[in-house]
Every structure is written in structure tokens, then in C-alpha cells.
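A.B. asks: I would like to see how this sequence folds:
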Amino acid sequence: MAVFPAFAIGIALSACAEEPVNEFRYDRYSGVPVMTQKMAEAIMLHRHVNAPIVGERAPDGQLIDAVTGESKTLYQVIQDKPMVLLFGSSSCSNLDMYLENIKEIVERFQRRVDFSLIYIREAHPEGGFMPVQMRDGKEYHHPSLPDSKSIEERKKQALGFQKNTTTGLRAFVDSLDDEMAVRWGAWPVRTFVIGTDRKVLYTGGPGPFYFHLTKDGWHTTPDAYMAEEFLRMPFSRESLEEFLVRYEGNGPLPAKGG
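C.D. replies: Presented below is the predicted three-dimensional model:
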């Protein structure tokens, strides 16, 4: 049996402590399009517990600028203002219905808060998960987009989303293995607010069921078994809009039209 000196063991343990394995980077659903309702539900139920809660340090991660193609860490993106992170994709019905609201919120609060879109895997890819959804008694047809097979394709989709909202929403893309979506429990849609100290100020509810962008926003209701699971973890019950109105980071945020 080999005998290792105590100091060698100490060095090995120290190295492990300095470079922890990112247990959130991959899961069984990473890197593949969402094909069925069963798969979609499994992704949401499996990942939602990963999301950071208010007061925790935000997990860092790699982002790719949709305009320049430059790779940056989240901490490099957060500068001298708190930052709203909007995770989602153009095929997500919740985001599609909120395009005008997103534009209004960004333009209303961007003097005090930065806004970043993190474009993640398509919620409803062509040939994949495409449920029938009713709103106000009418059938809603989801936008249909191919699931990106390359970073270039995902960048193109992100820039298209930005074009449909506002350039005040800076566009980034997640990796093809869904690193950020997994670590933040963010698929298919979710919002967070991160302070300049890298602490989480606001944890929006897991989408689509608890995605709450505006005070009077609309969203679906989960089945009881899913609601029970989601409600095990804390998240903000107020909308992003309501949070931004009352948030007093460096003084009151400007009122609408102010």
C-alpha cells in the first residue's frame, strides 16, 4: 500500500477546494432540444432548485455577447449599476406576449438599472414541444423557431429578440450545453436582479407559471403536484416591475414618465 505524506494530501485537498467542480453545469437534458411536455416538465422540476435566492452571491458564468461574439463572465458584465437578467427565447409564449412591456420597463428604468437578455434554449422548437395554450378563451399559437445548433444561430436569434424590443436590452447567449440555464434554473423563462456587490436582490418565479414581469401580467397555472414542488423554494411574489418601482439602490428609481 502506498503511503502519502500528510503535506501532499493537504496540497491535494487545497487544490480541490480552490477549483470546485461545477455540479450545475450539465444535466441529462443539457444540449438537446425540448421535444415533449414530459421532458419540459422534467427540466423545470429538476432545475428550479438550482436558482440563487435573495441575499446569495450570484453564480458567475460565461456569456457570449450577441453583437461582438466576445466571451465574458457575468461578473465582468455587471458594472456600476444593478443588473436585471432576463432569461428566455423568442419561441417562449410568455416573452412573446410581453414584448411591449419589456420595452417599456427597460426604457423606464434604464437610468438606474442595466438590463441584459440571456438567450437560452428555445422553449418551443420547430418539431418539438408545442403545446396548445388558451388565453382569454382563444387558442394561442406559439412562435416557432428552430433550436440553435451553433452559437452563431443563437446569436442571430438573440439579436432578433433585441430588435423586437429595445437596444437598451443588451443581448447575450448561453452556451450550447445550457450552462447558465441549468445553473440559474431559468428555462424556459425567468428574471433576476443582481446588485453591484454580486448579491441577488430579486429572484423571479420559475417560468412559465410564476413568470411575473408586470403587475397586471398574465401567466398560466401549474398542476397541483408541480406547484407543490415549485413552492418548496423561495422566490419573489411581486412582479419585476413592482420590485423596480420600490427598489432604493442609490435613491428612488424614476417613476413612469419621470
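A.B. asks: Could you tell me how many residues sit around residue 119?
C.D. replies: As a burial measure, residue 119 scores 29 neighbours (other Cβ atoms under 10 Å). From N, CA and C alone the C-beta is placed, and that goes for glycine too.
A.B. asks: who's in contact with it?
C.D. replies: Contact analysis of residue 119 by Cβ atoms under 8 Å, 6 or more residues apart in numbering lists 66, 88, 89, 154, 155, 157, 158, 161, 171, 172, 173, 174.
A.B. asks: Dump those to CSV, plus pLDDT.
C.D. replies: Output for the contacts of residue 119, formatted as CSV (pLDDT from 0 to 100):
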residue, pLDDT
66, 97
88, 97
89, 96
154, 97
155, 97
157, 96
158, 97
161, 95
171, 98
172, 98
173, 98
174, 97
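A.B. asks: Which of the residues you listed has the largest number of neighbours?
C.D. replies: residue 89 (30 neighbours).
A.B. asks: quick one on the thing from earlier: check the contacts of residue 119 and tell me the two furthest apart.
C.D. replies: Longest distance between any two of these is 15.2 Å, between 88 and 155; criterion Cβ to Cβ.
A.B. asks: can you give me the helices for this protein?
C.D. replies: Ranges of helices in the chain, per DSSP state H, are 6-18, 37-47, 74-77, 93-97, 99-109, 151-164, 179-183, 224-230, 240-246.
A.B. asks: looking at those, which is closest to residue 129?
C.D. replies: Ranking the helices of the chain by proximity to residue 129 (Cβ to Cβ) places helix 37-47 first, at 5.1 Å.
A.B. asks: Give me every residue in contact with the closest one, excluding its own residues.
C.D. replies: 27, 29, 34, 129, 131, 181-182, 185-188, 206, 226, 229-230.
A.B. asks: least confident pick among the residues you listed?
C.D. replies: Of all the contacts of helix 37-47, residue 131 carries the smallest pLDDT score, 75.
A.B. asks: pull the helix or strand with minimum mean pLDDT from this structure.
C.D. replies: Across the helices and strands of the chain, mean confidence by mean pLDDT, DSSP states H and E is lowest for helix 6-18: a mean of 38.
A.B. asks: What ranges in the stretch 1-150 of the chain fall below the confidence cut-off?
C.D. replies: 1-25, 133-137, 139-142 (pLDDT under 70).
A.B. asks: circling back: would you show me how to pick out the buried ones of the contacts of helix 37-47 in PyMOL?
C.D. replies: Of those, the buried ones go into a single PyMOL selection, burial set by 16 or more other Cβ atoms under 10 Å:
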select buried, resi 27+29+34+129+181+182+185+186+187+188+206+226+229+230
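A.B. asks: Count the neighbours of residue 99 for me.
C.D. replies: Using other Cβ under 10 Å, residue 99 has 14 neighbouring residues.
A.B. asks: So it is in contact with residue 165, correct?
C.D. replies: Yes. Judged on Cβ atoms under 8 Å, residue 99 makes contact with residue 165 at a distance of 5.6 Å.
A.B. asks: picking up where we left off before, same list (the helices of the chain) but as JSON lines, adding distance to residue 194.
C.D. replies: Listed next are the helices of the chain as JSON lines, based on distance: least, Cβ to Cβ, whole Å:
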{"stretch": "helix 6-18", "distance to residue 194": "24"}
{"stretch": "helix 37-47", "distance to residue 194": "19"}
{"stretch": "helix 74-77", "distance to residue 194": "8"}
{"stretch": "helix 93-97", "distance to residue 194": "20"}
{"stretch": "helix 99-109", "distance to residue 194": "14"}
{"stretch": "helix 151-164", "distance to residue 194": "19"}
{"stretch": "helix 179-183", "distance to residue 194": "13"}
{"stretch": "helix 224-230", "distance to residue 194": "22"}
{"stretch": "helix 240-246", "distance to residue 194": "12"}
